[in-house]
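# My questions concern the predicted model and sequence given below.
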Amino acid sequence: MSNNKKYGLIGFPLGHSLSPVIHKELFALTGEKGDYELIEIEPEKLKNSFENLKKLDGFNVTIPHKTNIIPFLDALSTKAELFGSVNTVEFNNGKAIGHNTDCIGFLKALETAGIELKGRVLICGCGGVSRMFAFESALAGAEITFAIRKSSLEKCKLLCEELREKLKAESKIVFLDNAGENYDLIINGTPSGMYPNVENCPLKRKTVESSKAVFDSIYNPYETVLLKYARQANIKYQNGLSMLVWQAAKAQEIWKGFQFEEEKVEEVIKKLKIDN
């Protein structure tokens, strides 16, 4: 009988995910023989699936369950409560506790690229991961501007109001095709440029080239058009692979109660960069 700890990622649809590969590499760092599986759960089946999820030693959460999982949990970390978003669940003394390690992954990704979260920050998108980018930017005291499609205007207005109510943070809204210039940091939380639509870019080239730094949450391809513009303009940039690995490492730290050496996590990121 196997003594392997069992973990997983819930979402729908999941399709191709790097998460099992990342967690396998992290397991290898600790010598643990853990299993990590992809678990597709349709939104309407989440409630009935939760009892089965309790059989796991911990699990990650992705779209569309990051908010919908909250009613089934016993407690939330401070950040998960603030964002209204959970991506990691631990079981502690029979209690299901929700965390958000996306934010830690994001901040580590910026740190390792020498990018500061400050000044004029342009966030592309206002849903999913862009919510977290917005809250972290507000907590850092940045001046936030959202760049969105016109169809997202009402949704973005609600997020601006939420930032105002929770953190007393003011923010502005512009459209992607007229985002302006001279930002200290551009953050892309949209799928624009993701495989297979690798020729797409959420912003005009001049917007990118006039900025001081760029972070793209996309990791496939490793270099999006957005990041190519940043590299060619010789400004600091970082892609989403670093954030993805770091959020996974922080999830394992929560599940197991230890801390990875930073150098070891960076080695995993380099290995996955080559493999992918």
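Good, I have the coordinates.
# can we go C-alpha only for contacts and neighbour counts from here?
Fine.
# Tell me which stretches of this protein form helices.
In the chain, the segments counted as helices under DSSP state H are 19-30, 46-53, 78-83, 102-112, 129-139, 153-167, 205-209, 225-232, 240-256, 262-275.
# out of those helices, which comes closest to F146?
Taking Cα to Cα, helix 153-167 is the member of the helices of the chain nearest to F146, at 7.8 Å.
# Just the buried positions in that closest one, please.
153, 156-157, 159-160, 162-163 (16 or more other Cα atoms under 10 Å).
# Now render the helices of the chain as CSV, adding mean pLDDT.
Output for the helices of the chain, formatted as CSV (pLDDT from 0 to 100):
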stretch, mean pLDDT
helix 19-30, 94
helix 46-53, 96
helix 78-83, 94
helix 102-112, 96
helix 129-139, 95
helix 153-167, 97
helix 205-209, 98
helix 225-232, 98
helix 240-256, 96
helix 262-275, 89
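# Which of those sits closest to I187?
helix 129-139 (7.7 Å).
# so how many other residues sit close to A109?
Neighbour count of A109, defined by other Cα atoms under 10 Å: 25.
# For L203, see how far away it is.
Separation of A109 from L203 (Cα to Cα, to the nearest Å) stands at 21 Å.
# Ok, S137 next?
With distances taken as Cα to Cα, S137 is found 20 Å from L203.
# Same list, the helices of the chain, but as JSON lines with distance to Y219 please.
Listed next are the helices of the chain as JSON lines, based on distance: least, Cα to Cα, whole Å:
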{"stretch": "helix 19-30", "distance to Y219": "12"}
{"stretch": "helix 46-53", "distance to Y219": "28"}
{"stretch": "helix 78-83", "distance to Y219": "23"}
{"stretch": "helix 102-112", "distance to Y219": "12"}
{"stretch": "helix 129-139", "distance to Y219": "14"}
{"stretch": "helix 153-167", "distance to Y219": "25"}
{"stretch": "helix 205-209", "distance to Y219": "18"}
{"stretch": "helix 225-232", "distance to Y219": "11"}
{"stretch": "helix 240-256", "distance to Y219": "5"}
{"stretch": "helix 262-275", "distance to Y219": "9"}
